[in-house]
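> structure for this input, please:
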Amino acid sequence: MNIESIDAKLNQWKDDLAKLHANMTEMQGLYGYQLAGDGSSLSGTTKLQYDDALVREAKIWKNYEFLSNLLTTISEKRNGLGFFPRESALSEIEEMFEGDSIELPGDEIELQKRDLFSTNFQVDRTSARRIREEMKTDFHAVCDFYVRLESRWQQLSEDISSIKAEADRIIVETSQLIKIGSIDPAPLPALVKQLQVVNSKWRSDPLGITKDIKQELSPYLRDARVYVTFLANESKAIIEEIKHSKIKAEEIATKESEARNLYEQCLSKFEFASGTGPKLPPSSQKLLEHSQKLHSLFEEKNWTELGSALKIWRKLYNQISSDTNLSLTTNKGIVEKKATLRQRFLEAVAKYKDYSGRGMAIPKSITTFTERGQELLKGKSGKIDLGATETIVVSLEVKVGELCLKFDSESSQS
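Alright, predicted model coming up:
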């Protein structure tokens, strides 16, 4: 080498070290570098790779120091060359540029393995060229780690954000629906808990996440969606039930009024044997009051009390509705029975009179049944004994039937 080539080499090295410093500074400005911090929040695969990157970065700066020191030494020797340098001095500088001119701290040598005239440390030497290659390899490895960390972090952050947004939407939607404890709300806590687990893991070890987060959380989201859909349908049904509770209570009140009127008619027009007779319907007032309570609790969004009140309402409605319908049916049947018995009585009388016109003899018993039936249908003191009336009507029907059958049989034989 001559002085010109030495100066050119020195300038190139100074420029290279300046570029190295700028590139290392830019690397330290990466978002992934900021995310990693001092590594205390990292774990798992990410922590292992971070530790490796940290060792490599420290190694780069140590090698930078070696190169910088070598550059300083060569510069000092260059400045001492004078105008007519000896060939040996130029060769020495060239060797420093190209040869194993950098002394590396070696491992300590155990006493029993040392030479008598050696130091307690093994001295290794390397060249600037090898150090530069190591630094390039380490730099690419460190940059790759922080770039991958940033990329993975952003990807997972977007995935988690989209899932969390849907989970928040479901939770908000659920909070606006009626919840009366009719179904197990476990899907929501399970989703929230799993989100917390995944969120904690991906933040500390994003490079250790091997599964697709969306796919991993998909079953929890599916269960939460099913839950909120079920709850929405149940809420809709409950709202409809509350909305119609007043109408249903008023319908029962109308039936109660009709059943009571029929009850009064039955008592005023008919006589009954012990254990028989019309049925007095239950009061529908409690049902109307409870319907109003349901509406109030619903307006207050008092879901806890609404659940209990709704159960009471259903039980009360079923009981009162059943008893009222039974009373109405029973009392209607009693009122209609008079007309039915009268019709049957008249049909039996018409039948035997018709046969009498054809020559059939009418026995005294038929006349007696007829007279008794007429008396019963008129009633004593305005009241009709339906039991006794039915007995007479049935007896008349049977007797007339037998006589007519016998008359038909005799007529056909003659």
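> measure L221 to L188 for me?
Distance, L221 to L188, using CB to CB, to the nearest Å: 11 Å. (C-beta placed from N, C-alpha, C; glycine too.)
> common neighbours of the two, please.
I170 (CB atoms under 8 Å, 6 or more residues apart in numbering).
> does E103 count as helix, strand or coil?
strand (DSSP: H, G, I helix; E, B strand; the rest coil).
> go on, S274?
coil.
> so which strand or helix has the closest residue to L297 other than its chain neighbours?
Computed as CB to CB, 6 or more residues apart in numbering, the closest residue to L297 that is not its neighbour in sequence is L306, at 4.3 Å. For L306, the host element (DSSP states H and E) is helix 303-357.
> which neighbouring elements make contact with whichever helix or strand comes after that helix?
Counting by DSSP H and E, the element after helix 303-357 in chain order, helix or strand, is helix 364-378. If you count contacts as 3 or more CB pairs under 8 Å, 6 or more residues apart in numbering; DSSP states H and E, helix 364-378 packs onto helix 303-357, strand 384-385, helix 386-413.
> looking at these, which is buried most?
strand 384-385 (a mean of 18; mean count of other CB atoms under 10 Å).
> ok so, going back, for the helices and strands packed on helix 364-378, which has the smallest mean pLDDT value?
Per-stretch mean pLDDT for the helices and strands packed on helix 364-378 is lowest at strand 384-385 (a mean of 87).
> just to revisit the earlier point, now the helices and strands packed on helix 364-378 in a markdown table, with distance to A273?
What follows is the helices and strands packed on helix 364-378, written out as a markdown table (distance: least, CB to CB, whole Å):
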| stretch | distance to A273 |
| --- | --- |
| helix 303-357 | 13 |
| strand 384-385 | 8 |
| helix 386-413 | 5 |
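> can you give me the distance of the residue lying closest to K337 once chain neighbours are set aside to K269?
Spatial nearest neighbour of K337, excluding adjacent residues (CB to CB, 6+ apart): L386 at 5.8 Å. As judged by CB to CB, L386 and K269 stand 9 Å apart.
> what touches both of those two?
In contact with both L386 and K269: K338, using CB under 8 Å, 6+ apart.
> quick check: next helix or strand after the helix or strand where V192 lies?
Using DSSP H and E, V192 falls within helix 187-204. The helix or strand immediately downstream of helix 187-204 is helix 213-269, counting by DSSP H and E.
> which positions in stretch 34-45 come out as buried?
Under the neighbour-count criterion of 16 or more other CB atoms under 10 Å, stretch 34-45 has L35, A36, L42, S43 buried.
> I meant stretch 60-80, not that one.
In stretch 60-80, counting by 16+ other CB under 10 Å, buried: I60, N63, Y64, F66, L67, L70, L71, I74, S75, K77, R78.
> spatially central residue for this protein, please.
Centroid-nearest residue in the chain: A224, 1.7 Å away (criterion: CA atoms, centre = their mean).
> from memory that residue sits against V192, does it?
No: using CB atoms under 8 Å, A224 makes no contact with V192, being 9.1 Å away.
> assign a three-state SS to P281, would you?
Relying on three-state DSSP, one would call P281 coil.
> wait, doesn't it sit right on A259?
Yes: using CB under 8 Å, P281 is in contact with A259, at 4.0 Å.
> need the residues touching each of those two.
By CB under 8 Å, 6+ apart, the residues touching both P281 and A259 are T324, S327, L328.
> including distance to F298, could those go into JSON lines?
As requested, the shared contacts of P281 and A259 are exported to JSON lines (distance: CB to CB, whole Å):
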{"residue": "T324", "distance to F298": "25"}
{"residue": "S327", "distance to F298": "31"}
{"residue": "L328", "distance to F298": "30"}
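> now stretch 51-61: average pLDDT?
96.
> CA atoms of that stretch as CSV?
Below are the C-alpha coordinates for stretch 51-61, written out as CSV (Å, rounded to 0.1, in the frame of the first residue of the first chain):
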residue,chain,number,x,y,z
ASP,A,51,-32.1,-12.2,24.6
ASP,A,52,-30.3,-13.4,21.4
ALA,A,53,-30.8,-10.0,19.7
LEU,A,54,-29.6,-8.2,22.8
VAL,A,55,-26.4,-10.3,22.8
ARG,A,56,-25.9,-9.7,19.1
GLU,A,57,-26.4,-5.9,19.5
ALA,A,58,-23.9,-5.8,22.4
LYS,A,59,-21.5,-7.7,20.2
ILE,A,60,-22.0,-5.2,17.4
TRP,A,61,-21.1,-2.3,19.6
